[in-house]
Structure formats: structure tokens, C-alpha cells
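S.K.: show me the folded form of this:
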Amino acid sequence: MELGPVDRITADAVGEPGHRTFYLQVRAGEDLITVVVEKEQVLLLSQSVLELLADVPLETGALHAADLVLEEPIDPRFRAGRLSIGYDPDEDRFLLEITEYDPEEEEDDDAEGSEEDDVIRSLTEDLDDDRETIRLWASREQMLALSRHGAEVAERGRPTCRFCGNPIDPEGHVCPATNGHRARRT
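M.R.: This next block holds a predicted model:
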């Protein structure tokens, strides 16, 4: 699906920390598209935007926080598997591709094979791939706002253990970095 330039783009979460569902949502005219994403995808997208903007010699303005709230209805089209981002300096805008999650892709990653097998599998996947992909364009301001808001949303969750990086429940957690001793919340 080719959306072209979007009117708005945001990432947010619904639910209690530890049980939240993360969403990426875009509006292009009358089209409202929502996809389920992982918290890690939101964080990586936020970091990638900042890295790409660091190379842009232009000042980027800010957007209002009200533009970053999820719109109703939150009806996800699919679960995102791969997010690809790039910046086009000639058009001064970001390209974001969101590809539907494919559980078979993980199985393929686990399988061992030769380089020739990888090339053949890649060509075959391109021919057989019926996963949906959404392509959209967004301004620097929209992507900077998405980056900041996405990072803020991710930080609202459970605190992470300083030893292992895993989330800590209110009761604590069994920390693999401390030989299974319970880490207390600090």
C-alpha cells in the first residue's frame, strides 16, 4: 500500500505496564492505518530517526503533543515485522516502510544453509511474498515528534534491571546476571 505523504504519524501504547500493546498509527487524508508493533521497534525507530536527523544540516521545528495521541478506532491492520526508514534529502522527507510480520521468517533465520541456499530462498520469498507493506512519507518535524514521543511512551513502562536489562515487575524479578537472585526494585 502506497500512502504517500502523511498528515500525521504517531506511536503509543494501550494498557498497563507489562501488559501494554504498542501501536504505530498514520493518517493520510481519510485513511487511518494502525499496526501493532513491539516496544523495541518503537525504540529502534526513535533512535534511527535521531541518527538520520543528525546528518541533516537543517533545523527541525516541533509539533504539538496533541497531534501524537492515537485516534479511535484503534483497529490494527496487521502486526509489523520489519520497519525500514530512510531520508531523502532532495525531497526533505523521510520514507518509512512497514512490512507485515511473517512467523516463517524467524524459522528461516534459524535454519542453517549455504550462501547459495540464502540467495535462492531470498529470490523465492520475493516471488511468493504476500505480506502487506505500507510505504509512507513524513516530514522531518513529524518524524522528530514521533521519535521523541515514542521514546517517552516506551519509558513509561516497567523499569529495567541495571544488571540484565530485563523489565522488573513490582515484585522484582529473577535476574540472570546475578545468578538467579532476586533483584529488588530501586
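
S.K.: after the strand or helix carrying Leu44 comes which helix or strand?
M.R.: Assigned by DSSP states H and E, Leu44 belongs to helix 39-54. The first helix or strand that comes after helix 39-54 along the chain, using DSSP H and E, is strand 80-88.

S.K.: who touches whatever helix or strand comes next after that following strand?
M.R.: Using DSSP H and E, the helix or strand that follows strand 80-88 towards the C-terminus is strand 93-100. Applying Cβ atoms under 8 Å, 6 or more residues apart in numbering, the set of residues contacting strand 93-100 from outside is 5, 9, 24, 35, 49, 52, 78-88, 131-140, 142-143. Any C-beta I mention is one placed from the backbone N, CA and C, and that applies to glycine too.

S.K.: now swap in stretch 153-167 and tell me
M.R.: Under Cβ under 8 Å, 6+ apart, the answer for stretch 153-167 is 11-13, 17-18, 20, 22, 39, 42-43, 46, 168-169, 173, 175-178, 183, 185-186.

S.K.: and it, how far apart are its ends?
M.R.: 15 Å (Cα to Cα, to the nearest Å).

S.K.: and if you look at stretch 50-61?
M.R.: By Cα to Cα, the extent of stretch 50-61 from end to end equals 14 Å.

S.K.: cool, stretch 54-61 as well?
M.R.: Start and end residues of stretch 54-61 are separated by 14 Å (Cα to Cα).

S.K.: now that stretch: mean pLDDT?
M.R.: Mean pLDDT, computed over stretch 54-61, is 80.

S.K.: report the distance from that stretch to the chain centre.
M.R.: Centroid separation for stretch 54-61 versus its chain: 22 Å, with Cα atoms, centre = their mean, to the nearest Å.

S.K.: buried set for it?
M.R.: For stretch 54-61, a neighbour-count test (16 or more other Cβ atoms under 10 Å) marks nothing as buried.

S.K.: who does the spatially closest residue to Leu52 that is not a sequence neighbour bridge with?
M.R.: In space, and not counting its chain neighbours, Leu52 is closest to Tyr87: 4.6 Å by Cβ to Cβ, 6 or more residues apart in numbering. Beta-bridge pairing of Tyr87 under DSSP bridges involves Phe94.

S.K.: fine by me, we can end here.
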